[in-house]
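Asks: Requesting a structural model of the entry that follows:
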Amino acid sequence: MAVSDYYSEVTNVVTILVAVLFFIFFTIIVLTTIVLTVALHEKSKWRNSSTNCITGRSQNLAKRDTNLIKTIVLLSLGLIVSYLPYMNNCLLVAFLTGFELGGKYSNLFRVMWAISWLFEILNSTRSIFVYYTMSSKYRETFWQMFENKTVTSDKQGKGKNSRE
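Replies: Take a look at the predicted model:
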């Protein structure tokens, strides 16, 4: 099977298209994160101002809103940062002649794509740590799932969970 004469032109167009789409979606993620953060902040301020005195419950709600805002911002920023190397590589492939396998910058190409894949791997594992740090309910459920439990039988033959 032979490579088309237009292979490099098609590759450039595709990588530019991918980079543009990534940029558009990153912009959407940033804007929606800002809108959501502002809306949650306003809701929290309104809730606190609508009560005559600040009670323990409204303080808990404000703390929960703050944690929610932090979680959303951390997840969004992590997503954006983790895919920036990928977008950078797409732009380099499109605009830097020789940034390809077997090209003038072949070693740099390999290193940059390895970094990009590393960032994507880190992105796939980061969410569990963000949720674990920011959410007490998540931590509680996490530990309930992974507690040391054994299955024993009661007198009627039904399975019963018990802790050791």
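
Asks: Tell me the confidence at Arg60?
Replies: Wrong residue type there; residue 60 is Asn, not Arg. Asn60 carries a pLDDT value of 65.

Asks: Use 167 as the first number for this chain going forward.
Replies: Done: numbering now begins at 167, and the last item shifts to Asn226.

Asks: which stretches of this protein have low pLDDT?
Replies: Of all residues in the chain, those with pLDDT under 70 make up the ranges 167, 217-227, 314-330.

Asks: which residue ranges form the helices in it?
Replies: 173-216, 222-261, 272-300, 302-311 (DSSP state H).

Asks: which of the residues in stretch 245-265 are buried?
Replies: 245-246, 248-249, 251-253, 255-260, 265 (16 or more other Cβ atoms under 10 Å). Quick note: C-beta positions are derived from backbone N, CA and C, even for glycine.

Asks: whoops, I mixed them up, stretch 288-308
Replies: 289, 292, 296-297, 300-301.

Asks: what does that stretch rub up against?
Replies: 233, 236-237, 240-241, 244-245, 248-249 (Cβ atoms under 8 Å, 6 or more residues apart in numbering).

Asks: quick one: which of those residues is nearest to Leu274?
Replies: When those are compared for distance to Leu274 (Cβ to Cβ), Tyr249 comes out closest, at 19.4 Å.

Asks: I'd like the contacts of stretch 288-308 laid out as CSV, including distance to Ile195.
Replies: Shown next, in CSV, are the contacts of stretch 288-308 (distance: Cβ to Cβ, whole Å):
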residue, distance to Ile195
Asn233, 20
Lys236, 16
Thr237, 15
Leu240, 13
Leu241, 10
Gly244, 11
Leu245, 7
Ser248, 12
Tyr249, 10
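
Asks: check contacts around the residue nearest to the spatial centre of the chain.
Replies: For the chain, the residue nearest the mean C-alpha position is Leu245 (4.0 Å; Cα atoms, centre = their mean). Listed by Cβ under 8 Å, 6+ apart, the contact partners of Leu245 are 195, 289.

Asks: What of the one 5 residues further on?
Replies: By Cβ under 8 Å, 6+ apart, the residues touching Leu250 are Phe285.

Asks: same check, this time on the one 3 residues further on
Replies: Taking Cβ under 8 Å, 6+ apart as the definition of contact, the neighbours of Met253 are 185, 188-189, 192.

Asks: Which residue, neighbours along the chain excluded, lies closest to Asp247?
Replies: That one is not Asp; residue 247 is Val. Once its chain neighbours are removed from consideration, Val247 has its nearest residue in Phe285; the separation is 7.5 Å (Cβ to Cβ, 6 or more residues apart in numbering).
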